[in-house]
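In: Okay, predicted coordinates and the sequence, questions at the end:
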Amino acid sequence: MGMESKFIWMNGELLPYEKATMHVLTPAIHYGAAVFEGIRAYDTPKGPAVFRLTDHAERLLDSARVFGFRNLPWTTEDIVKAIKDTVRANGFKDCYIRPLLYLDGGGWNLNVDNGKPSLAIATWEWGNYLGEEAMAKGIRANISSFTRHHPNVLMTKAKVSGNYANSFLAKTESERLGFQEAIMLDPQGYVAECTGENLFMVRHGKIITPSTAPVLEGVTRHSIHTIAKDLGFRILEQPISRDQLYIADEVFVCGTAAECIGLSEIDFRTIGDGKTGPTTRKIQNIYHDAIRGKLPKYESWCEYVD
C-alpha cells in the first residue's frame, strides 16, 4: 500500500509531500501525545465525497479535549474545509484521510499545557483494509491475550495515538498466530472491540453489540446501527462474553478502514456456516451503497468535495 500524495496540509499550508516533516524531538513522537482520525472519501455519481466528514471532524476535536488540549485555533468548520482542500489538491476520488493533531514543541515535563498544538492532514489512495476476499468470505480472529483499556487508565472515548500501542500488541500477536484480527476483552472480561473496529453479533434474529461505555464510539458503528435499525432488526447493547461469540449465528466488525466485515472463525471455532452470513451481507451491501452516494436515504452522510 503506497501512502504517497502530491500534498499534505500542515497548519494551514498545502506542502509538497516530501516537505511535510516534523523534528525528531517533537513530543508527539516520544510520548504518543497526539489525537487522530481515520476518514475515507469515495467516488460517487456526483464526484468524490467524504463519508461523514463533519462527524469525524467533531470527534477529532472531542479527542483533543479529552486528551487535555485547550484553546485550539481550529473549529470543526476549519477542519472540514482543510480536509476537502487536501483531497481536492491531490486529485483523489477514493482515498483514506488522516488528520493528526499533535503536541509540537514543549511538553517535555509531560504537561500538554507547556506545548503547542499542530495539525496535519494526509491523504492517500486506499483499497479494502483487509482485502477483497475478506469481504466475501469473512476473516479469522482470535481473542487477544491483551486486555482493552480501562476507561480510567487510558481514555476510551478519544483516538489518542499513544493508546494504539495496545492495538499494535494485539494485532501483531494475532497475525503471528495466523489470524487476521484480534478481539479484545475489557477489564471485566467481556468483549470490548477489535484493534480498530467495533463488533456486532447476530443470535436468533437479534443483533447484539457491546455498550459504548468502554469502547470508542465509532462513526461507522453508528452508521451500521442506523442501517440495521432501518432494516427492522432489533439491536441490543449489552455485555457479551467470549463464549457467546462462539455460538453466535454471525459476528461482524466495522470501522472506517475495514468498512463492514464478517468473521468466519474465532479461536478455531467456525462461526455460523463459516462465511459472511445473510444479515451481515444485507447490512454490508446497503453500507457500501451508502458510502458511494447511491442511496438518497443516506446521502446526507456524503459530504462532497466540490
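Out: Sure thing, it's come through.
In: distance of the residue nearest to residue 76 when sequence neighbours are not counted from residue 121?
Out: In this structure, residue 76 finds its nearest non-sequential neighbour in residue 57, 4.8 Å apart by CB to CB, 6 or more residues apart in numbering. No exception for glycine: its C-beta is placed from N, CA and C like everyone else's. Per CB to CB, to the nearest Å, residue 57 is found 10 Å from residue 121.
In: Need the residues touching each of these two.
Out: Residues touching both residue 57 and residue 121 (CB atoms under 8 Å, 6 or more residues apart in numbering) are 83, 99.
In: still on that earlier bit, element containing the residue nearest to residue 76, please.
Out: Here residue 57 sits within helix 53-67, counting by DSSP states H and E.
In: So which elements touch the helix or strand of the chain with the lowest mean pLDDT?
Out: One helix or strand of the chain scores below all others by mean pLDDT, DSSP states H and E: helix 132-137, with a mean of 79. Packing contacts for helix 132-137, counted by 3 or more CB pairs under 8 Å, 6 or more residues apart in numbering; DSSP states H and E, involve strand 259-266.
In: Show me where the stretch 51-200 of the chain has its strands.
Out: 95-104, 116-124, 139-143, 181-185, 191-194, 198-203 (DSSP state E, counting those that start in this stretch).
In: low pLDDT regions in the stretch 151-300 of the chain?
Out: Judged against pLDDT under 70, the stretch 151-300 of the chain has no low-scoring part.
In: What residues does residue 70 make contact with?
Out: For residue 70, the contact set (CB under 8 Å, 6+ apart) comprises residue 113.
In: Next one: it, what pLDDT does it get?
Out: According to the prediction, residue 70 has pLDDT 94.
In: quick one: it and residue 294, what's the gap?
Out: Distance from residue 70 to residue 294, counting by CB to CB: 42 Å.
In: Test my guess that residue 34 contacts residue 101.
Out: Yes. Judged on CB atoms under 8 Å, residue 34 makes contact with residue 101 at a distance of 6.4 Å.
In: Quick check: closest non-adjacent residue to residue 209.
Out: Nearest non-adjacent residue to residue 209, counting by CB to CB, 6+ apart: residue 200, 4.6 Å away.
In: quick one: the one you found and residue 193, what's the gap?
Out: 11 Å.
In: Residue 216 too?
Out: In terms of CB to CB, residue 216 sits 7 Å off from residue 193.
In: Which one's more surrounded, the two?
Out: A side-by-side neighbour count of residue 216 and residue 193, using other CB atoms under 10 Å, places residue 193 first with 26 against 23.
In: Within the helices and strands, which one has the residue nearest to the more buried one when sequence neighbours are not counted?
Out: The shortest distance from residue 193 to any non-neighbouring residue, by CB to CB, 6+ apart, is to residue 215 (4.5 Å). Residue 215 is part of no helix or strand, with elements assigned from DSSP H and E.
In: Provide a list of residues in contact with residue 215.
Out: Residue 215 makes contact with 148, 156, 186, 192, 193, 198 under the criterion CB under 8 Å, 6+ apart.
In: Okay, the first one and residue 285: tell me how far apart.
Out: Okay, so that is residue 148. As defined by CB to CB, residue 148 lies at a distance of 30 Å from residue 285.
In: Which one's more surrounded, those two?
Out: More crowded of residue 148 and residue 285, by other CB under 10 Å: residue 148, with 27 against 12.
In: For that one, give me its contacts.
Out: Residue 148 makes contact with 156, 166, 184, 185, 186, 187, 192, 193, 214, 215, according to CB under 8 Å, 6+ apart.
In: ditto for residue 298
Out: Counting by CB under 8 Å, 6+ apart, residue 298 makes contact with 223, 227, 290.
In: swap the cut-off to 10 Å and go again
Out: By CB atoms under 10 Å, 6 or more residues apart in numbering, the contact list for residue 298 reads 51, 52, 223, 226, 227, 230, 286, 287, 289, 290, 291.
In: can you tell me which of the residues you listed are in strands?
Out: If you go by DSSP state E, those have residue 51 in strands.
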